[in-house]
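**Q** Below: sequence and its predicted model.
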Amino acid sequence: MKKIVLKMNDLNMRHGRYGKLEHASFFALEGEVSGLMGLDSSGNELVARILLGEAEIDFSANNVYIDGRKIRGPEERRKLVGHMAAAAPVIQNWTVAEYVGLRDISWFLSSRAKRQLHKEVTEQFTEIGVSLDIDKKMKELSELERRMAELVRARKAGVRVLVIEDECEGMNRDTIQAYKAFLKKAIEGRMAVLLLCHSELAASVLTDNYIIFRRGRVVKRWRRDSRYNNGRVNDYLLGNTMIRKKKTLDNYARKAHASEDVIYGVRNLELQGAWYDYDFRKGEITTFVILNNAERMRFFDALCGRSTPADTVYVLEGQRFQQPRYRVFMENRVVSFMKMGNDYEIFEKMSVGDNLLLPSLKKIPGVEYMSSGSRMTRILSDEIENDSLRHRDVVKELDSNEHITIAFDRWYVFNPKVIVLYEPFAGCDAYGVSIIVSYIKKFSNRGTAVIVIKSSLEYMADISDRVFNFE
C-alpha cells in the first residue's frame with residue numbers, strides 16, 4: 001500500500017489573486033502524480049502557492065501534514081517542498097553535475113570535491129536507470145534532458161512534495177511519454193508530485209489521478225485507472241452553469257471558408273536551416289507546429305514583424321518590403337500577441353475601455369483623445385460581446401478568462417487583416433480554451449487571416465485550414 005505523503009485537511013483561505021479555499025481536503029501518495037485541476041481561481045493554484053510559500057497561511061489554524069507530521073511554520077515547509085517549473089531560469093553555463101549537486105553559486109570546489117560531486121550525481125542517474133552526460137552544459141540539453149536534470153536535483157535535495165508547473169511546450173506525445181516514464185522512476189519511494197498543467201494532452205499522459213477543485217472546494221478525486229469513474233472530468237471542473245456557457249462557445253460555427261484572396265505574403269523566411277515562402281488568404285486559419293522553443297519564438301517574431309531578418313521579404317497590400325519597421329505592419333493591420341492565459345498583452349492597471357483603445361492611439365491626435373477619451377472608450381466597449389465586462393472595470397480585478405476576452409476584443413475592435421498568435425492556449429483552463437477557439441473562428445468569419453504558432457496541434461486540429469508541421 002502506498003504511503004500518504006501530503007495531507008491537507010479542511011483548508012479555509014481567501015487570496016486576492018489565487019481565489020479561495022473552503023473546507024478543502026485532499027491527500028497525495030508517494031510515487032504518484034496528482035494533477036491539481038480547476039478553472040481560474042477555483043483553488044487548485046492557491047494550494048500550490050501555499051505549499052511554495054507564495055501565499056501566506058496560518059499553519060496553526062490550518063491542517064497541513066507531510067509524512068504524518070503537522071507543518072507548523074514556513075521553515076518546516078521549505079525543507080520538504082520542492083518546485084519545478086519549465087519556464088524557470090537555470091544557470092546555463094553550469095554542467096548537469098554542478099546544477100544537480102550544488103545549491104548556490106557561492107562555492108569553491110577542490111579537485112577532490114569535484115570528483116565526489118561527479119560521483120554522487122552519477123549515482124543518482126544510475127539509480128533511476130538513465131544515462132545522461134552530466135558534463136553537458138545546461139544550455140545544451142533537450143527539453144526532456146532539462147526536465148531529467150531538474151527531477152534528479154529535487155530527488156537529491158530530499159524533498160517529499162514536488163510541485164511541478166509544466167505545459168510541456170516543445171514536446172510531442174512521444175517525448176511526454178518518455179518524460180512520464182522518467183518521472184515515475186525518479187519519484188518512486190521518494191516523493192509525491194502535484195502537477196499544475198493546463199494542457200489536456202500533457203495532463204492526461206503525466207497524471208495518475210486528478211484532484212478537481214471548483215469554487216474553492218475539492219469536488220472529486222478522479223483516478224485514471226478506476227472503474228468507478230462516472231461522467232467526465234469537465235463535468236466536475238465546470239459545473240452546470242459553466243457547461244452551458246462553454247457549450248455555447250463551442251457551438252460557434254465558421255460561416256465561410258477561406259477565400260482565394262492573398263492578403264499577406266512572406267518570402268525567404270528561414271526555419272531550421274531551410275527557407276520558405278508563404279501566402280496567407282482572407283479568412284484562412286493556418287497553424288505552424290514547431291517543437292524547438294527558440295526556433296518557434298524566432299519564427300513568430302519574424303512572421304509578425306517584431307523582428308525582420310535581412311533576407312526576408314514581406315508582401316503587404318501588394319508592395320514588397322525588406323526589413324520594414326513594426327509600424328508598417330500596424331498600418332497594414334498585421335497584428336500579433338502572445339500567450340493570452342499569461343497576461344503578456346494587457347495592462348492590468350488600466351480599465352477595460354483603455355485596453356481596447358490602445359491599438360488605435362497612434363491614429364488619434366493627442367488633443368482629441370484628451371477631450372473625448374471617455375466617449376471613445378464607451379463606443380469601443382459597446383462592441384464587446386461579453387456582457388459581463390464594462391468599459392470602466394479595472395483589469396487587475398478581473399479573472400484570467402476575462403483577461404483573455406479583453407486581449408481578443410482589443411484586436412476584434414481593430415479589425416485586423418492578419419493576426420498572428422503565439423502559444424495562445426498556454427496557461428488557459430478548459431473554459432479559456434473555448435473562448436480562444438471561438439474568437440479564432442470569429443476573426444476568420446470577419447475575413448482575418450489567422451496564423452497560430454504552437455508546439456503541438458492540440459486544440460487546433462479541427463479548425464485549421466492548413467497545418468505546417470515541423471516536428
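**A** Yep, that arrived.
**Q** so what's residue 367 scoring on pLDDT?
**A** Per-residue pLDDT puts residue 367 at 40.
**Q** again with the one 3 residues further on
**A** Looking at residue 370, its pLDDT is 38.
**Q** OK, contacts around residue 417?
**A** By Cβ atoms under 8 Å, 6 or more residues apart in numbering, residue 417 lies in contact with 263, 264, 282, 332, 333, 334, 447, 448, 449. The way it works is simple: take the backbone N, C-alpha and C, and place the C-beta from them, glycine included.
**Q** Name the nearest of those relative to residue 21.
**A** Closest approach to residue 21 among these (Cβ to Cβ): residue 448, at 41.2 Å.
**Q** Wait, the closest one touches residue 420, no?
**A** No: counting by Cβ atoms under 8 Å, residue 448 stays clear of residue 420, with 10.6 Å between them.
**Q** for this protein, what helix or strand is lowest in average pLDDT?
**A** Least confident helix or strand, the chain: helix 366-381 with a mean of 43, by mean pLDDT, DSSP states H and E.
**Q** Tell me which other helices or strands the helix or strand following that one touches.
**A** Downstream of helix 366-381, the first helix or strand assigned by DSSP states H and E is helix 400-414. Helix 400-414 makes packing contacts with strand 334-338, helix 352-357, helix 430-446 when contacts are defined by 3 or more Cβ pairs under 8 Å, 6 or more residues apart in numbering; DSSP states H and E.
**Q** Just list what whatever helix or strand comes next after the longest one packs against, helices and strands only.
**A** The C-terminal neighbour of helix 430-446 among helices and strands, as given by DSSP H and E, is strand 449-454. The elements that strand 449-454 packs onto, with contact taken as 3+ Cβ pairs under 8 Å, 6+ apart, are strand 274-281, strand 285-289, helix 293-304, strand 418-422, helix 430-446.
**Q** Strand 449-454 versus strand 418-422: what angle between them?
**A** Interaxial angle of strand 449-454 relative to strand 418-422 (axes from the mean of the first three to the mean of the last three Cα atoms, to 10 degrees): 10 degrees.
**Q** Name every strand pairing with the helix or strand just after strand 449-454 and say which way it goes.
**A** Next along the chain after strand 449-454, taking DSSP H and E as the criterion, comes strand 466-469. According to DSSP bridges, strand 466-469 has the following sheet partners: strand 285-289 (parallel).
**Q** Only C-alpha atoms, please: export the strand it pairs with in CSV.
**A** Backbone C-alpha positions of strand 285-289 (Å, rounded to 0.1, in the frame of the first residue of the first chain) are rendered in CSV as follows:
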residue,chain,number,x,y,z
ILE,A,285,-6.7,29.6,-40.3
THR,A,286,-3.1,28.4,-40.6
THR,A,287,-1.2,26.5,-37.8
PHE,A,288,2.5,26.0,-37.6
VAL,A,289,3.7,23.3,-35.2
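**Q** ok so, going back, could the contacts of residue 417 go into TSV alongside neighbour count?
**A** Shown next, in TSV, are the contacts of residue 417 (neighbours: other Cβ atoms under 10 Å):
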residue	neighbour count
263	23
264	24
282	19
332	20
333	19
334	24
447	18
448	25
449	27
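**Q** closest to residue 102 among those?
**A** Nearest to residue 102, judged by Cβ to Cβ, of those is residue 334 at 46.7 Å.
**Q** Write down the beta-bridge partners of the closest one, one by one.
**A** Each beta-bridge partner of residue 334 is listed here, defined by DSSP bridges: residue 418.
**Q** For it, give me the pLDDT.
**A** Note for residue 334: predicted pLDDT of 93.
**Q** That one reaches residue 418, doesn't it?
**A** Yes: counting by Cβ under 8 Å, residue 334 touches residue 418, with 4.4 Å between them.
**Q** And the strands in the stretch 151-300 of the chain?
**A** Residue ranges of the strands in the stretch 151-300 of the chain, as given by DSSP state E, counting those that start in this stretch, are 161-165, 192-196, 209-214, 217-223, 262-271, 274-281, 285-289.
**Q** averaging pLDDT over each of those, which comes out lowest?
**A** If these are sorted by mean pLDDT, strand 217-223 sits at the bottom with a mean of 91.
**Q** what residue ranges in the protein score low on pLDDT?
**A** Applying pLDDT under 70 to the chain flags residues 103-109, 339-399.
**Q** Which residue is most remote from the mean position of it?
**A** Most distant residue from the mean C-alpha position of the chain: residue 112, 42.6 Å away (Cα atoms, centre = their mean).
**Q** Would you mind listing the outside residues contacting stretch 272-280?
**A** 262-270, 286, 292, 295, 303, 418, 449, 451, 470.
**Q** okay, now residue 56: neighbour count?
**A** Applying other Cβ atoms under 10 Å, we find 11 residues neighbouring residue 56.
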